[in-house]
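# dropping a prediction and its sequence here:
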2 protein chains.
Amino acid sequence: MIPPEVITPAVLVDIDVLDRNIERMASSVRGRGLGLRPHVKTHKTLEIARKQLAAGAAGITVATIGEAEVFATDGVKDIFIAYPLWVEAPHAERLRALAAQCRLAVGVDSADSATAMGGRLGADAGSIEVLIEVDSGHHRSGVLPDEVVEVAHAAASAGLNVAGVFTFPGHSYKPGMPTGAADNENESLGRAAEALTQAGFEVKTISGGSTPTALISGESAATDLRPGVYVFGDAQQLELERCSWDDVALTVAATVVSRHEARGGNVRRIVVDAGSKILGSDRPDWATGYGRLPEFHEAKVTALSEHHATIMWPDSSELPPLGTRLRIIPNHVCLTMNLVDEVTVVRAGAVVEQWTVAARGRNN
Amino acid sequence: MIPPEVITPAVLVDIDVLDRNIERMASSVRGRGLGLRPHVKTHKTLEIARKQLAAGAAGITVATIGEAEVFATDGVKDIFIAYPLWVEAPHAERLRALAAQCRLAVGVDSADSATAMGGRLGADAGSIEVLIEVDSGHHRSGVLPDEVVEVAHAAASAGLNVAGVFTFPGHSYKPGMPTGAADNENESLGRAAEALTQAGFEVKTISGGSTPTALISGESAATDLRPGVYVFGDAQQLELERCSWDDVALTVAATVVSRHEARGGNVRRIVVDAGSKILGSDRPDWATGYGRLPEFHEAKVTALSEHHATIMWPDSSELPPLGTRLRIIPNHVCLTMNLVDEVTVVRAGAVVEQWTVAARGRNN
């Protein structure tokens, strides 16, 4: 399963599963008449963005100006920075350069931010679309639906091109929540768009979507969806029942370096050489551990140090010998991709390519 | 406090505080007649390792062969890979190359690993020292003190140069635990070393130490200490009372991008542009949040997304305006350093240098 030339720990991407995930989301979103602008912060990789665009994505979504620059340089012509940017002079300069390369949209979530952004962009403000962020229940950034008009007026006064609204239903990341969060998302986007329309704005884009909600069909207020994680899947999506074991395209290859049969009060456990510096340490309180093992569903990753994962082994199977190579599905794949400079692409257990994580670490 | 040319989010290192931390640990360890081999996985930076060596460190400790290669190439002559390595042919080749550049010690925690390691190294096995890992209460890797002799015999039979024992008292990372963990560490190391001596081995190195335990003075069984985090401090060390606010050398500069006065049932909060992709998402259950603010001790970082930190603001102070630049102390500084390619070095609020995180991402 793990090609012999791979030195552990290493990130493996199964290209057939990846392709299938990309195609499934593209056809689901297309089938509902919506636009797909996948969030590439998940993979930060040019090869994968190219596949998403080839499968029909209308553009891409990024989290930072730095990420936008990497993909614009690769020729992506439609980029949305789904983040409530605070724009100072250096940001304005970079946004101008981006707007010269592609259709550019950015997020904003307050009148003050819109005014500052428009002021810094000056005569170029109109060349950049702004989408107003709506809080649909995640309670992070974003304004309430009835507050969007105030922000839109400030943006328009500052010369910005108000194009619509967006939300991230991050509260979908909890067991039992995806359907309710998708409802909140639809309702909030619908109310915000309606308010903007009534205030005389032309609403071109209504952007929603997280991986847990994006495949939930039904009447959607959105025009665009921005799922990210779906390309790979991860242990969170598995435990939220938003993907199956067979849908997981990314795993971390690891080696058993320490092994402890139960004795002297100790439990039966192994330690592998993949820790938080490759798996990432996100662990929501509802997760069963720090990742899952595709070949051993009952094994539990109970502790993570920087270079060690401690795995409690189920009584139902033999404790693996030292040197055994195992694969781990990380809890949150976006963090894993941001920890490595390259990934090993495999097909049917053989290495076919190495991809560079081109936008890794582009935090600003 | 944050130099105006810094684009957030960014990692700032205060060089005066760093120098003071390096000197304090060096003189404390020297004062007790012990050797200091700081763990450089914390900083992964050549400039900082050079300072530690200049302050009297006998060598350095690393977690991976890849980290060892980076520092050996910079001329470090004494390196301990404090990890229970499982050695296959490619690892053996790299260990041979390292042993030709420096005095090299590696960890081992089982007879099987020792046998495999010796076998792979063949005629070169004797050029590498091995230290047997002891579990002093952290229950991760390592053997119990009375099991070291069995491992030592296997290592010696495989041609390896058995040089002593080491432990990591990781259970010191809990409030109230450092002193007890230091006692466990001493007792375990003492018993393991005694067992080796009685079995006829010459015990040259007895290596212990974590940042929470390294400054606890008193009779020590160790000959060497390997603290890492002490160079920077972090929010975990603060909350464990192992450093003061003034000892923290590393902060993440961030900007307020979203701001929410209490209304409509929402709490009073801000969102800044530093998330888990720069702060790291380690959060032990005893921590007050995902980091601390040096200028606002009562503020709580209650949630972390990849590019957002949500901060609940205390009633005792004004909610900062949008665009305000704040510094955050990460919970676990080793993860932060592993997320960035470079850090901005400051002195008295002015930028003096940029350092590359040379061993970032060297997971194998």
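Looks like it came in fine. Only a predicted model underlies this, so the values are computations on that prediction, with no experimental measurement involved.
# for chain A, what spans make up the helices?
A:15-31, A:46-54, A:65-73, A:89-99, A:111-121, A:148-157, A:178-198, A:211-214, A:235-239, A:276-279, A:333-337 (DSSP state H).
# contact residues of the stretch 151-300 of chain A facing chain B?
Counting by CB under 8 Å from any CB of the partner chain, the residues of the stretch 151-300 of chain A close to chain B are A:170, A:255-259, A:264, A:266, A:271, A:273-274, A:276-278, A:280-282. Glycine gets a C-beta too; all of them are placed from N, C-alpha and C.
# out of those, which sit inside strands?
Residues of those located in strands (DSSP state E): A:255, A:256, A:257, A:258, A:259, A:271.
# number of nearby residues for the closest residue to chain B within the stretch 251-364 of chain A?
Proximity of the stretch 251-364 of chain A to chain B (CB to the nearest CB) peaks at residue A:258, 3.8 Å away. Neighbourhood size, residue A:258 [other CB atoms under 10 Å in any protein chain shown]: 26.
# where does the stretch 51-200 of chain A dip in pLDDT?
Residues of the stretch 51-200 of chain A meeting the criterion pLDDT under 70: none.
# go through the helices of chain A and pick out the most buried.
Counting by mean count of other CB atoms under 10 Å in any protein chain shown, helix A:211-214 has the highest mean neighbour count of the helices of chain A, with a mean of 28.
# hmm, who's touching that helix?
By CB atoms under 8 Å, 6 or more residues apart in numbering or on different chains, the list of residues contacting helix A:211-214 from outside reads A:25, A:28-29, A:169, A:172-173, A:177-178, A:181-182, A:185, A:225, A:227-230, A:237, A:240, A:242.
# again with stretch A:314-327
With CB under 8 Å, 6+ apart as the criterion, stretch A:314-327 contacts A:1-2, A:8, A:12, A:251-259, A:261, A:268, A:270, A:272, A:293-296, A:298-299, A:313, B:86, B:88, B:110, B:112-113, B:116.
# which among those residues end up buried?
A:2, A:8, A:12, A:251-259, A:270, A:272, A:293-294, A:296, A:299, A:313, B:86, B:88, B:110, B:112-113, B:116 (16 or more other CB atoms under 10 Å in any protein chain shown).
# any idea how far residue A:65 lies from residue A:87?
9 Å (CB to CB, to the nearest Å).
# which neighbours do these two have in common?
residue A:95.
# neighbours around the closest residue to chain B within the stretch 51-200 of chain A, how many?
Nearest residue of the stretch 51-200 of chain A to chain B: residue A:141, at 3.8 Å (CB to the nearest CB). When neighbours are counted by other CB under 10 Å, residue A:141 registers 27.
# right, and it touches residue A:108 too?
No - here residue A:141 lies out of contact with residue A:108, judged by CB atoms under 8 Å, at a distance of 10.0 Å.
# now do the shared contacts for the two.
Common neighbours of residue A:141 and residue A:108 (CB under 8 Å, 6+ apart) are A:84, A:133.
# pLDDT below threshold where in the stretch 201-350 of chain A?
Residues of the stretch 201-350 of chain A that meet the cut-off, pLDDT under 70, sit at A:217, A:263-266.
# swap in 80 and give it another go.
Counting by pLDDT under 80, the stretch 201-350 of chain A shows low-confidence ranges at A:217-219, A:262-267.
# who's in contact with residue A:275?
So residue A:275 contacts A:9, A:304, A:305, A:306, A:307, A:308, A:309 (CB under 8 Å, 6+ apart).
# mind running it again at 6 Å?
A:304, A:305, A:306, A:307, A:308, A:309 (CB atoms under 6 Å, 6 or more residues apart in numbering or on different chains).
# my guess is the third one meets residue A:276, correct?
In this case it means residue A:306. Yes - counting by CB atoms under 6 Å, residue A:276 is a contact partner of residue A:306 at 5.5 Å.
# counting neighbours, what do you get for the closest residue to residue A:345 other than its chain neighbours?
Nearest residue to residue A:345, sequence neighbours excluded (CB to CB, 6 or more residues apart in numbering or on different chains): residue A:353, at 4.1 Å. If you count neighbours by other CB under 10 Å, residue A:353 ends up with 13.
# mind listing the strands for the stretch 201-350 of chain A?
For the stretch 201-350 of chain A, the strands defined by DSSP state E, counting those that start in this stretch occupy A:205-208, A:224-225, A:250-260, A:269-272, A:291-292, A:300-304, A:309-312, A:325-330, A:342-347, A:350-356.
# for the last one, packing partners?
Spelled out, it's strand A:350-356. strand A:342-347 (3 or more CB pairs under 6 Å, 6 or more residues apart in numbering or on different chains; DSSP states H and E).
# neighbouring strands of the strand it packs on in the sheet, and parallel or not?
Counting by DSSP bridges, the strands paired with strand A:342-347 are strand A:10-14 (parallel), strand A:350-356 (antiparallel).
# mind giving me the domain split of chain A?
Structural domains assigned to chain A are A:16-231, A:238-356, following automatic domain parsing.
# okay, how far is it across the longest one, tip to tip?
This stretch, domain A:16-231, spans 11 Å end to end (CA to CA, to the nearest Å).
# stretch A:98-115 too?
20 Å.
# check the offset of that stretch from the chain's centre.
Chain-centre distance of stretch A:98-115: 20 Å, with CA atoms, centre = their mean, to the nearest Å.
# next one: stretch A:226-238
Counting by CA atoms, centre = their mean, stretch A:226-238 comes out at 7 Å from the chain centroid.
# do stretch A:248-259 as well
With CA atoms, centre = their mean as the basis, the mean position of stretch A:248-259 lies at 22 Å from the chain mean.
# hmm, who's touching that stretch?
A:2, A:6, A:8-14, A:17-18, A:232-233, A:270-274, A:278-279, A:320, A:322, A:324-329, A:333, B:84, B:86, B:109, B:141.
# identify the bridge partners of residue A:251.
If you apply DSSP bridges, the partners that residue A:251 bridges to are residue A:12.
# can you list contacts of stretch A:131-151?
A:84, A:105, A:107-109, A:111, A:114, A:163-167, A:169-171, A:184-185, A:188, A:191-192, A:195-196, A:199, A:205, B:258, B:271, B:308, B:310.
# which of the contacts of residue A:275 has the most neighbours?
residue A:309 (28 neighbours).
# surely that residue and residue A:270 touch.
No - Residue A:309 sits out of contact with residue A:270 when judged by CB under 6 Å, with a separation of 8.9 Å.
# give me the spatial nearest neighbour of residue A:223, chain neighbours excluded.
That would be residue A:206: by CB to CB, 6+ apart, it lies 4.7 Å from residue A:223.
# again, but for residue A:74
That would be residue A:46: by CB to CB, 6+ apart, it lies 4.9 Å from residue A:74.
# that neighbour contacts residue A:359, doesn't it?
No - in this structure residue A:46 lies outside contact range of residue A:359 using CB under 6 Å: 8.4 Å.
# separation between residue A:120 and residue B:92?
Taking CB to CB, one finds residue A:120 at 57 Å from residue B:92.
# with residue A:106 instead?
From residue A:106 to residue B:92 the distance is 52 Å (CB to CB).
# for residue A:165, same thing?
From residue A:165 to residue B:92 the distance is 59 Å (CB to CB).
# and residue A:189, by the same measure?
58 Å.
# what of residue A:310?
26 Å.
# with residue A:292 instead?
With CB to CB as the criterion, residue A:292 and residue B:92 are 32 Å apart.
# just residue A:157 next, same as before
In terms of CB to CB, residue A:157 sits 68 Å off from residue B:92.
# and if you look at residue A:307?
For residue A:307, the distance to residue B:92 - CB to CB - is 19 Å.
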